[in-house]
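need a 3D model of the sequence below.
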Amino acid sequence: MEQFIIYLNTQQIKYSIGDNSITILESLNLAEVRIKHLPDNLIINGDLNLRLTTIKKLPDNLTVNGDLCARATKIKAWPKNLNVKGSIDLLRTRIASLPDNLTVNGDLNLEQTPVKSLPANLKVKGNLALRGSHFCNIPERFDVAGSLNLSDTKIDRLPDNLNIQGDLNIARTKIKKLPENLSGSGDLHLSRTKVKILPDNLDIMGDLDLSDTRIKKLPGNLKVGGKLDLYGTRIQKIPKDLTVTGGIALGGSKIRKLPDNLTVNDYLDLGFTKIKKLPDNLIVNGYLGLRAIKVKKLLKHSNVQCTSLGLDGAKIKQLPANIEVKNSLYLSYTEIKQLPDNLELKGDLTLRYVPIKKLPDNLTVGGYLDLSCTRIETLPENLKVAGNLNLSSSKLKKLPKNLHIGGDLDLHNTKIKKIQDNL
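This next block holds a predicted model:
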């Protein structure tokens, strides 16, 4: 105790001494401090941070009136009569078991610990994180008020009637089936699990991540309140009764067909797919991603409305006249040689490594303009760019007098030697 008192005095930390106890009158941050022991009956009137200390044992009768952080320490056991009013962070500690009837008033972080099971009647009033731990079994009586992260654990099944108030993350586990009557109010992450079938009438209030799963078919009446990630799946078509509030990621999937009259309220990513036809009257109220696919015929015969269009790496030489983009246009690494006259974008325009030699007159870009590594030698006299302008490694030799830039100007590896005062 004497050495601890000396440390407190040296650091001018406010404390009081009672009958066989010490009360720290503020938060105590000992992160990376070379301290090996703490006295028993210690009271912290704030947070206690022990991150990366050499402490191997928490003192008995420790009271922390805020959060306790002991991550990346060598602590092996739960102390007697530990009382923490806030969250407990034990990431990368050596604690393998917890006491029965434990109540955590905030979050409980057990990531990358040797914990294999949870105690009976555990109650966590915040989030419970077990990512990368040895955890393999959920107890029957179990209460988590927030999110539950079981990703990268050894668990292979979930109990029936599991009720999670926040997100449920079981990514990269051996779970093959979702439990009956699963309910939650957040995201559901199933990426790289062995789940093959989803139950009908599944209603996810947040995001649904099915990326890199073995699922071949979406269930009937699936409702997703956030985003739907189907990246790298074997799904070939989207059902007509699907409801998704956010974006849909289909990049790298086996998708072949989309339903007619499809409206996506955020982004629709079809990059690196072999889709051959877009549906009639497709509306994307955000970004339509068609990266690295054969889009010449795809767009020519489609009636598509989208806010932003991504064609990076696509084999296309000309923008179709029937496509109207108001926000951003991403054309880097394409073969486009000409842009439409009077092009006006509220967002970004990227033309990196595009063989275009001239920009249209009266071009207006409301965001970022990337002309790096292009053959463009002159810019329009009245070019307006609200964001950054990247001209690095381009053929430009001078800047127009009336050029207006709202952000930064990158002239790296160009022959431009003079910059106007207004820039």
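
only C-alpha atoms for contact and neighbour calcs from this point on.
Noted.

helices and strands of the protein: which one has the lowest mean pLDDT?
Sorting the helices and strands of the chain by mean pLDDT, DSSP states H and E puts helix 296-300 at the bottom, at a mean of 70.

could you point out which element follows it?
Sequence order places strand 304-310 as the next helix or strand after helix 296-300, per DSSP states H and E.

tell me the strands beside that next one, with direction?
strand 282-289 (parallel), strand 324-325 (parallel), strand 329-330 (parallel) (DSSP bridges).

distance between the first one and the chain's centre?
In this case it means strand 282-289. Relative to its chain's centre, strand 282-289 lies at 20 Å (C-alpha atoms, centre = their mean, to the nearest Å).

now do stretch 218-227
20 Å.

tell me the mean pLDDT for that stretch?
For stretch 218-227, mean pLDDT is 95.

who's in contact with it?
The set of residues external to stretch 218-227 that reach it, using C-alpha atoms under 8 Å, 6 or more residues apart in numbering, is 187, 197-209, 235, 238-239, 241-248.

now do stretch 256-267
236-240, 244-249, 274-289.

how many residues are close by Glu381?
Number of residues near Glu381 (other C-alpha atoms under 10 Å) recorded here: 15.

show the contacting residues for it.
Asp361, Pro400, Lys401, Asn402, Leu403.

now for those: which two are most distant?
Using C-alpha to C-alpha, the two most remote members of those are Asp361 and Lys401, lying 14.5 Å apart.

show me where the stretch 51-200 of the chain has strands.
In the stretch 51-200 of the chain, the strands defined using DSSP state E, counting those that start in this stretch lie at 63-64, 68-69, 83-84, 88-89, 103-104, 108-109, 122-124, 128-129, 142-144, 148-149, 163-164, 168-169, 183-184, 188-189.

for these, which has the smallest mean pLDDT value?
When I compare those, strand 183-184 is least confident, with a mean of 80.

so which residues make contact with it?
With contact meaning C-alpha under 8 Å, 6+ apart, strand 183-184 is reached by Asn161, Leu162, Asn163, Ile164, Gln165, Gly166, Asp167, Leu168, Ile204, Met205.

measure the fifth one to Leu228 for me?
The reference is to Gln165. The gap separating Gln165 from Leu228 is 19 Å, by C-alpha to C-alpha, to the nearest Å.

these two: which is more packed in?
Between Gln165 and Leu228, counted using other C-alpha under 10 Å, Leu228 has the larger neighbour count: 25 against 19.

what sits against the more buried one?
Asp207, Leu208, Asp209, Leu210, Val244, Gly246, Gly247, Ile248, Ala249.

distance from the chain centre to the longest helix belonging to the chain, please.
As assigned by DSSP state H, the longest helix anywhere in the chain is helix 2-10. Centroid separation for helix 2-10 versus its chain: 43 Å, with C-alpha atoms, centre = their mean.

and that helix, what does it pack against?
Contacting helix 2-10 under the criterion 3 or more C-alpha pairs under 8 Å, 6 or more residues apart in numbering; DSSP states H and E is no other helix or strand.

please shift the residue numbers so they start at 20 in all later answers.
Got it, the first residue is 20 from now on, which makes the last one we talked about helix 21-29.

CA atoms only for whatever helix or strand comes next after it, dumped as PDB, please.
Under the assignment DSSP H and E, the closest C-terminal helix or strand after helix 21-29 is strand 34-37. Provided in PDB are the C-alpha atoms of strand 34-37 (Å, rounded to 0.1, in the frame of the first residue of the first chain):
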ATOM      1  CA  TYR A  34      -7.600  10.400  -2.500                       C
ATOM      2  CA  SER A  35      -8.700   9.700   1.100                       C
ATOM      3  CA  ILE A  36      -7.800   7.000   3.600                       C
ATOM      4  CA  GLY A  37     -10.500   5.300   5.700                       C
END
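
so for the helix or strand that comes right after strand 34-37, mean pLDDT?
Scanning forward in sequence from strand 34-37 by DSSP H and E, the next helix or strand is strand 40-43. The average pLDDT for strand 40-43 rounds to 97.

next: stretch 290-302.
The predicted model assigns stretch 290-302 a mean pLDDT of 87.
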